[in-house]
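>>> coordinates only, sequence not included:
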């Protein structure tokens, strides 16, 4: 039900990349770090990875590495590929956020109900707890899609900024939640509804995402060769 062209290509890429030399594998990883869904849609990213693997295999026959072909400006090479790609898909970004939101809510509240509340789905808590979890999902989504890719190819302290910013944001939100949590506002919350709603939503959004990926895969292209 949820198998799509992107997952099939991803599986093929994972098998092919194991045949490459360690240097080439690392170069491909460095390039792919910048391919977030905010810059390139998921299917195009796997096509790009497939093309890079093909390049590495070809240069290996010539006793050269992928890095020899690209040169020292790996970041510039990656940016050229992104410009030549189909770009991001807003609908995929929208679906991606709700996949993460529904998946996290389902997992968090189910684990808490079973582990912390002995299987009881009716809790006494401040409803702001739900807002806190929602904020955490947003921060996680922004970190993975925007912050990490921006600083992934930097060196030295600039690269560390990619870790400092999200950690600081998570701490700030946690501190705000600590001071905003009001015991006088505690009320009964039936988290069973949250678990059911988030679980069903996850299945629906995953299905929609599968259809969207298959649609994106309809126009196949070699983004690396088109740079020449």
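That came through fine. In this text, all values refer to a predicted model and were calculated from it rather than measured experimentally.

>>> Can you give me the neighbour number for the residue lying closest to residue 103 once chain neighbours are set aside?
In space, residue 103 comes closest to residue 202 once its chain neighbours are excluded; the distance is 5.2 Å by C-beta to C-beta, 6 or more residues apart in numbering. Heads up, the C-betas are built off the backbone N, CA and C, glycines and all. Using other C-beta atoms under 10 Å, residue 202 is surrounded by 20 other residues.

>>> any low-confidence regions in this structure?
1-4, 219-228 (pLDDT under 70).

>>> residue with max distance from the center of it?
residue 184 (38.1 Å; C-alpha atoms, centre = their mean).

>>> now the helices for this protein?
5-17, 22-32, 42-61, 66-70, 74-84, 90-115, 128-142, 148-151, 157-180, 191-216 (DSSP state H).

>>> do you know which of the ones you listed lies nearest residue 122?
helix 191-216 (7.4 Å; C-beta to C-beta).

>>> Pull the contacting residues for the residue nearest to residue 103.
99, 102-103, 106 (C-beta atoms under 8 Å, 6 or more residues apart in numbering).

>>> could you redo the last one with a cut-off of 10 Å?
By C-beta atoms under 10 Å, 6 or more residues apart in numbering, the residues touching residue 202 are 98-107.

>>> Only whichever of the residues you listed are buried, select them in PyMOL.
Of the contacts of residue 202, the buried ones can be selected in PyMOL as follows, counting by 16 or more other C-beta atoms under 10 Å:
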select buried, resi 98+99+100+101+102+103+104+105+106
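
>>> Dump the contacts of residue 202 to TSV, plus distance to residue 79.
Shown next, in TSV, are the contacts of residue 202 (distance: C-beta to C-beta, whole Å):
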residue	distance to residue 79
98	29
99	27
100	26
101	30
102	33
103	31
104	31
105	35
106	37
107	35
